[in-house]
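A.B. asks: I'd like to go over a predicted model; first the sequence, then the structure.
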Amino acid sequence: MTTRQHRSASASAYAATLPSRRQWLAKALPWLGAGAALALAPQLSRAATTTATPVEVWKDPNCGCCHDWIAHMEANGFSVTIHDTGNNAVRARLGLPQKLGSCHTALVGGYLVEGHVPASDVRALLQQKPKALGLTVPGMPVGSPGMDGAVYGDRRDPYDVLLVAHDGSTRIFKSYHKKAST
């Protein structure tokens, strides 16, 4: 055994005797008192909720707004798997009427998400768990996630996020309309 291997083996053996972070906190928090426990609570809570929600997306490989929507989803706690194969076939397979289509189709938590749906609405869908096919923002409205920002002159057109029933019917899930200027 070389000196380097011996040091590495010694370090590993030493590390194995150390308590895990969870074991250390379980022993230390009672000694630190309630104030320290409250101060550490946000960090502990954040560490427990860092698992990203998986999303699978089908899109055209050359679509920039799809990439921007994916970045929006990732910035809001989703982990995205991308299929650069287009979305027409998967949209048809999932039963979404063509008239409700957009440039990308996603699956998350057993629901279809079509187009530029805000991440907050996807979270609401997953929390509410309605009996539905999913959500759609038909077309590509300017001002929706992925179709927003300086490149669009910060324009915000009104649009609705629709909840799609299994029979293809829809109802408004959330509206995004401009506020009248005074």
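C.D. replies: On my side now, so go ahead.

A.B. asks: how about the helices of the chain, start to end?
C.D. replies: 3-17, 21-32, 34-48, 64-75, 88-94, 119-128 (DSSP state H).

A.B. asks: Check those helices for me: which has the lowest mean pLDDT.
C.D. replies: Lowest mean pLDDT of these: helix 3-17, a mean of 40.

A.B. asks: Find the nearest non-adjacent residue to residue 65, please.
C.D. replies: residue 146 (4.6 Å; Cβ to Cβ, 6 or more residues apart in numbering). Where you see a C-beta, it was placed from the backbone N, CA and C, and this is true even at glycine.

A.B. asks: For the closest residue to residue 95 other than its chain neighbours, give me its contacts.
C.D. replies: Using Cβ to Cβ, 6+ apart and skipping the chain neighbours, the partner closest in space to residue 95 is residue 133 (6.3 Å). By Cβ atoms under 8 Å, 6 or more residues apart in numbering, residue 133 lies in contact with 94-96, 111-112, 164-166, 168.

A.B. asks: By neighbours, which of those residues wins?
C.D. replies: Counting neighbours by other Cβ atoms under 10 Å, the top entry in those is residue 164, with 25 neighbours.

A.B. asks: Is it correct that residue 76 is in contact with residue 108?
C.D. replies: No: shown here, residue 76 and residue 108 do not form a contact pair, counting by Cβ atoms under 8 Å, at 11.7 Å.

A.B. asks: Which one's more surrounded, these two?
C.D. replies: residue 108 (22 against 15).

A.B. asks: Kindly state the pLDDT recorded for the more buried one?
C.D. replies: Value for residue 108, per-residue pLDDT: 98.

A.B. asks: Identify the bridge partners of it.
C.D. replies: residue 111 (DSSP bridges).

A.B. asks: what separates it from residue 172, distance-wise?
C.D. replies: 20 Å (Cβ to Cβ, to the nearest Å).

A.B. asks: Backbone dihedrals for the residue nearest to residue 115 when sequence neighbours are not counted, please?
C.D. replies: Distances taken as Cβ to Cβ, 6+ apart put residue 102 closest to residue 115, at 2.8 Å, once the chain neighbours are dropped. With angles defined as degrees, to the nearest 10, residue 102 sits at phi -150, psi -160.
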